[in-house]
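**Student:** need coordinates for the following:
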Amino acid sequence: GETVRIGPFEVGPYGVAKEGERISWDHVVEAGMDNGVVFVGTRDESRRLSAIAARTPNAIVFVQLCRTLGASGSNSLGS
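**Tutor:** Next comes the predicted model:
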């Protein structure tokens, strides 16, 4: 149920954040890597958090975590 840092991102019970901007899990619709960039995007495409994949430890695990928690549409951490 705590927030953890994965490179430039913070992942917690209520969503994923970077540099003070947060996307709640119920708004996450995409997460992936492309051209060396890891990203998380919103359902309405209004926000996208991104970072260089090489600066995101365990980037593949981070992407899968965001896909799983975004798909659940709920707080799956700490439950």
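
**Student:** now for the helix or strand of the chain with the lowest mean pLDDT, which elements pack on it?
**Tutor:** For the chain, using mean pLDDT, DSSP states H and E, the weakest element among its helices and strands is helix 59-72, scoring a mean of 92. With contacts taken as 3 or more Cβ pairs under 8 Å, 6 or more residues apart in numbering; DSSP states H and E, helix 59-72 sits against strand 9-12, strand 28-34, strand 37-42. The C-beta positions use only the backbone N, C-alpha and C, and glycine is treated the same way.

**Student:** please repeat the previous calculation with a cut-off of 10 Å.
**Tutor:** If you count contacts as 3 or more Cβ pairs under 10 Å, 6 or more residues apart in numbering; DSSP states H and E, helix 59-72 packs onto strand 4-6, strand 9-12, strand 15-18, strand 21-24, strand 28-34, strand 37-42, strand 48-52.

**Student:** for A71, find the nearest of those.
**Tutor:** Proximity to A71 (Cβ to Cβ) singles out strand 28-34 among these, at 8.2 Å.
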